[in-house]
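Peer 1: starting from these lines, generate the structure:
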Amino acid sequence: MNDDGTDSDETADDGIYTLVSTCSNGTQEIISYYAVAKDVTSDSFNINYYHEIEDSEIETADEIADSLTSSLDSYINEDGTTSESDVESASALLTENLDQLVQDGTISSYEDNTTNVVVSLPTGYSFVYSLSVEDCDAGGSVSTFQPFKDTYNESELNTLSDEATDSSAELITQEFTGYTFSDSSNIDLDNVTLDELKNISDYSVILWHGHGGYSQTYGSMLMTGELNNLLTTILYSADISAGRILINYSAAGRNTYAVLGGFFDKYLEDNSLGGAFVYLAACSSGRDAVDNFDNLYSLVNTFVEKGASAVFANSETIFTEYNTKMMKSVIERMNETDSDGEYYTAEEALSYAKSVNGENDGHSYSPAEVMLFPSYNVNVSNYRFDDNGTGIISGSVKSASSSADISNAFVRVYDTDNNLISTSRTDSSGAYSLSVKAGEYIVKISAGSYKSAKMAVTVTEGETTFNETFLLVNAGSYMNYANGTITDSVTGSPVAGVTVNVRLNWSNNSGTIIYDSDGYYQVYYDTGLYTIEYYKSGYNTGYKNIVISDDSVSQDAIISPVTSSGEYRIVLTWGENPSDLDSHVYGTLSSGSSFHTYYSNKSSYDGEIEVCNLDYDDTSSYGPETITLIPTSSTPYYYYIYNYSGNSYGTVGNSGAQIKVYDGSTLIRTFNIPTDQGDGRYWNVFAIVDGSIVVSNTITDSAGTSCAG
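Peer 2: Model (predicted):
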């Protein structure tokens with residue numbers, strides 16, 4: 001200890017001493033400190049220290065977990081769970097694989113708990129790997145919590161509890177395709193554990209019915225279904241001491257734990273409940289918010305601070321019948337539409353529920369009311385289940401070296417905060433499809449002996465976003481080359497002086513400049529999937545996903561000259577087969593007459609204005625095929641692709657075609673070819689209508705009546 005102004009001591013000789021301690025142990029420890037002066041010993045205080053995790057350790061853990069999952073493919077069902085009858089065999093194989101990792105020195109040790117193991121790396125970093133046993137693990141986007149299911153003395157109350165939670169969840173999933181509810185997200189009784197509640201942010205709709213309480217010291221609380229035991233109490237002793245958890249005795253005859261706002265504040269990451277709908281049908285669940293409780297954390301306000309958009313809670317101890325009927329009425333109303341065809345808002349649903357069931361529960365001494373939070377947020381009154389509509393992510397997975405379809409690959413969708421949103425597997429043709437809410441996501445693909453791969457994806461409400469086909473490379477750490485030529489989309493000629501950035505993973509738009517080329521780039525990295533960004537003054541910045549693998553092939557890219565705002569440049573590229581895809585634009589001039597721009601009519605005029613021009617026509621694979629469009633009317637301008645070569649030379653769906661649409665200096669849309677729509681020769685992509693893009697994105701046997709020319 002020192003008081004000399006060094007080693008983090010701010011001021012010398014001020015009587016405030018600073019201690020600097022360096023800890024080399026990789027495990028979490030507690031050090032107790034106290035001061036001694038003559039015969040007097042001060043109170044002690046504890047310092048918790050732990051190993052600071054490096055990004056490289058997380059990546060290593062990801063790779064180990066992916067390899068373990070791949071090795072257990074035969075025991076994992078389509079929903080990612082393991083059947084109870086297969087748990088013993090899967091656990092034995094898991095142990096065998098972990099023993100090999102210890103021998104290889106990849107991990108230092110592991111702790112086997114049958115369905116989950118704690119794995120330790122040589123650096124001291126540990127993580128848990130779990131087998132998700134069928135009907136036991138949480139999952140999905142709608143979750144119901146009933147810690148006291150079937151414990152009410154009257155059977156009618158038990159029925160009302162199920163209707164308020166499980167039936168309401170099923171109603172939501174029937175009405176809104178973006179939500180899912182299954183046995184694994186129907187969490188009852190002693191499955192409502194402290195550990196389970198730490199993962200409550202996995203769900204976008206949380207329906208809770210059970211017992212609650214209030215303390216002037218600690219605030220509002222929710223009773224769990226986990227029976228208290230010595231091991232759990234010791235494990236959570238710090239939280240119990242801090243008032244985040246209380247041991248709850250004899251609630252409905254069950255001795256459980258109670259969680260408070262401080263528990264969720266500690267264990268839920270910031271904004272992890274972003275946009276969530278939460279209904280806390282428990283006694284006094286909103287009382288600390290009403291009382292402006294500020295000693296610790298208000299239960300409701302903690303949910304709001306973690307990102308929840310709408311939280312229903314109760315002001316006082318509430319009658320079960322009224323409580324459950326209110327919850328049921330609110331959810332039912334939010335699944336209905338008004339005279340304008342819009343779903344009712346949370347505020348409208350609450351008003352309706354009170355008109356049906358009464359303004360409060362009728363307590364003679366302290367009537368309990370259902371309230372909607374956050375009251376200070378004007379947007380809560382407009383919350384609807386369809387506020388953020390759904391879209392679909394679709395694509396396929398192939399081997400980079402052989403182009404073979406990869407079936408049974410794991411597909412995981414994460415939000416930008418790295419929360420797991422949805423999972424799936426590829427089918428026998430390597431295809432996958434998932435429904436998620438509109439927004440920004442990361443799609444991660446893992447399969448067998450291949451390196452895992454990631455891609456950034458933007459999902460648009462009401463649309464199917466077709467990803468570029470994932471091309472997975474073999475696992476292993478070794479270097480190889482990727483190269484290509486940057487070509488002008490209008491002239492087809494190489495462009496000198498282009499700056500190229502390379503970044504790990506696909507559709508990754510931030511990174512470091514590594515190469516300044518003259519129409520040609522060459523990079524040397526570990527095999528895997530990368531994004532190149534390339535730019536030059538006078539051109540739109542371009543992005544291309546590339547693969548570095550055993551087979552070094554040219555991966556050329558297109559860069560498009562900047563046009564004026566309101567001028568659209570549409571650039572088509574594709575693979576080797578079919579060799580000739582043709583771009584077509586069909587529309588109406590200001591005079592009312594139609595025009596059709598394609599290879600036989602490369603330029604169309606509206607008076608003296610060139611409204612559409614086929615700038616570059618490629619007939620020998622890859623592209624570019626480029627059209628510039630300057631709309632002169634508000635009528636639709638249809639853009640579609642025709643397979644001129646014919647399906648015997650390759651179908652449109654298997655062409656790997658991609659279209660980029662620029663408005664002036666801005667890339668406004670990217671379209672990847674749908675891979676799940678058959679062998680039609682026409683790809684009807686979009687229309688530009690009065691400055692807006694209207695998406696079709698379908699493969700058919702004709703251009704369609706609107707596009708016929």
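
Peer 1: looking at this, residue 90 is in a strand?
Peer 2: No - with DSSP: H, G, I helix; E, B strand; the rest coil as the criterion, residue 90 is helix rather than part of a strand.

Peer 1: how close does it sit to residue 410?
Peer 2: 16 Å (C-beta to C-beta, to the nearest Å). Placement of C-beta: from N, CA and C, glycine included.

Peer 1: and the next helix or strand past the helix or strand of the chain with the lowest mean pLDDT?
Peer 2: Lowest by mean pLDDT, DSSP states H and E among the helices and strands of the chain is strand 512-517, with a mean of 51. Sequence-wise, the next helix or strand downstream of strand 512-517 (DSSP states H and E) is strand 520-526.

Peer 1: check which helix or strand the residue nearest to residue 442 when sequence neighbours are not counted maps to.
Peer 2: Nearest residue to residue 442 in three dimensions, chain neighbours excluded: residue 414, at 4.6 Å (C-beta to C-beta, 6 or more residues apart in numbering). Following DSSP H and E, one finds residue 414 within strand 410-415.

Peer 1: that strand: how far from the chain's middle?
Peer 2: Averaged C-alpha coordinates place strand 410-415 at 7 Å from its chain's average position (C-alpha atoms, centre = their mean, to the nearest Å).

Peer 1: start and end of stretch 290-298, how far apart?
Peer 2: End-to-end distance of stretch 290-298: 9 Å, with C-alpha to C-alpha, to the nearest Å as the criterion.

Peer 1: ignore the last one, stretch 4-15
Peer 2: Stretch 4-15: ends 10 Å apart by C-alpha to C-alpha.

Peer 1: please apply the same query to stretch 143-153.
Peer 2: 25 Å.

Peer 1: neighbours of the residue nearest to residue 90 when sequence neighbours are not counted, how many?
Peer 2: Leaving aside its chain neighbours, residue 90 sits nearest to residue 75 (4.0 Å; criterion: C-beta to C-beta, 6+ apart). By other C-beta atoms under 10 Å, the residues close to residue 75 number 18.

Peer 1: packing partners of the host helix or strand of residue 398?
Peer 2: Per DSSP H and E: residue 398 is located in strand 390-399. Counting contacts by 3 or more C-beta pairs under 8 Å, 6 or more residues apart in numbering; DSSP states H and E, strand 390-399 packs against strand 431-437, strand 439-446, strand 453-459, strand 464-466, strand 470-472.

Peer 1: pipe those strands into JSON lines and attach mean neighbour count per row.
Peer 2: Formatted as JSON lines, these follow (neighbours: other C-beta atoms under 10 Å):
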{"stretch": "strand 431-437", "mean neighbour count": "19"}
{"stretch": "strand 439-446", "mean neighbour count": "20"}
{"stretch": "strand 453-459", "mean neighbour count": "19"}
{"stretch": "strand 464-466", "mean neighbour count": "20"}
{"stretch": "strand 470-472", "mean neighbour count": "25"}
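
Peer 1: mind putting the ones you listed in CSV, distance to residue 15 and mean pLDDT included?
Peer 2: Below are those laid out as CSV (distance: least, C-beta to C-beta, whole Å; pLDDT from 0 to 100):
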stretch, distance to residue 15, mean pLDDT
strand 431-437, 57, 79
strand 439-446, 52, 91
strand 453-459, 54, 91
strand 464-466, 63, 89
strand 470-472, 63, 92
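
Peer 1: and of the ones you listed, who's closest to residue 521?
Peer 2: Of all the helices and strands packed on strand 390-399, strand 470-472 sits nearest to residue 521, with 18.6 Å by C-beta to C-beta.

Peer 1: that closest one: how far from the chain's middle?
Peer 2: 20 Å.

Peer 1: one more: stretch 329-345?
Peer 2: Centre to centre, stretch against its chain (C-alpha atoms, centre = their mean), the figure for stretch 329-345 is 27 Å.

Peer 1: could you do stretch 485-505 as well?
Peer 2: The chain centroid and the centroid of stretch 485-505 are separated by 31 Å under C-alpha atoms, centre = their mean.
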